[in-house]
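> Dropping the sequence and predicted coords here.
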Amino acid sequence: MDEVTSADVNKAAFTRGSAGSRDYDEQPVDEFLDRLAATLDGNDDVTAAEVRAADFPRAAGKRGYAPDQVHAFLDKVAATLEARATP
């Protein structure tokens, strides 16, 4: 598996669903992605366990990010963090 970089996190894009769907609210996801990019650059300390446990509020009455795509990407970030933590 290729290591995920902060540049990968910064350019991550997810499909947006229709209004009223069960998608994630974009703002909390984007804020978490900012923390992940900072972590990958050594400027924050999000752990792989925190990434795997991440959950986000649903987009109430507006379009949001597809949860399956968000979690597939987060799995890649978590694997990168786990690989970095392994001596």
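Okay, I see it. These numbers were taken from a predicted model, which means no experiment stands behind them. Numbers count the residues shown, from 1 in each chain.
> only C-alpha atoms for contact and neighbour calcs from this point on.
Fine.
> in the helix of greatest length in the chain, what's buried?
Longest helix in the chain by number of residues, with DSSP state H as the criterion: helix 67-85. Neighbour-count burial for helix 67-85 flags P67, V70, H71, F73, L74, K76, V77, A78, A79, T80, L81 (criterion: 16 or more other Cα atoms under 10 Å).
> from the chain's centre, how far out does it sit?
The chain centre lies 7 Å from the centre of helix 67-85; the measure is Cα atoms, centre = their mean, to the nearest Å.
> List the contacts of that helix.
Residues outside helix 67-85 that contact it (Cα atoms under 8 Å, 6 or more residues apart in numbering): 3-4, 14-15, 23-24, 36, 40, 47-49, 51-52.
> State the distance from the residue sitting nearest the centre point of the chain to D68.
What sits nearest the mean C-alpha location of the chain, by Cα atoms, centre = their mean, is L74, with 4.5 Å. L74 is 10 Å from D68, where distance means Cα to Cα, to the nearest Å.
> which residues touch the closest residue to F56 other than its chain neighbours?
In space, and not counting its chain neighbours, F56 is closest to Y24: 6.0 Å by Cα to Cα, 6 or more residues apart in numbering. Counting by Cα under 8 Å, 6+ apart, Y24 makes contact with F56, P57, R58, A59, G64, Y65, A66, P67.
> Could you tell me the phi and psi values at the third one?
Backbone torsions for R58, taken as degrees, to the nearest 10, come to phi -80, psi 150.
> Share the number of residues neighbouring it, please.
Other residues lying near R58 total 19 when counted by other Cα atoms under 10 Å.
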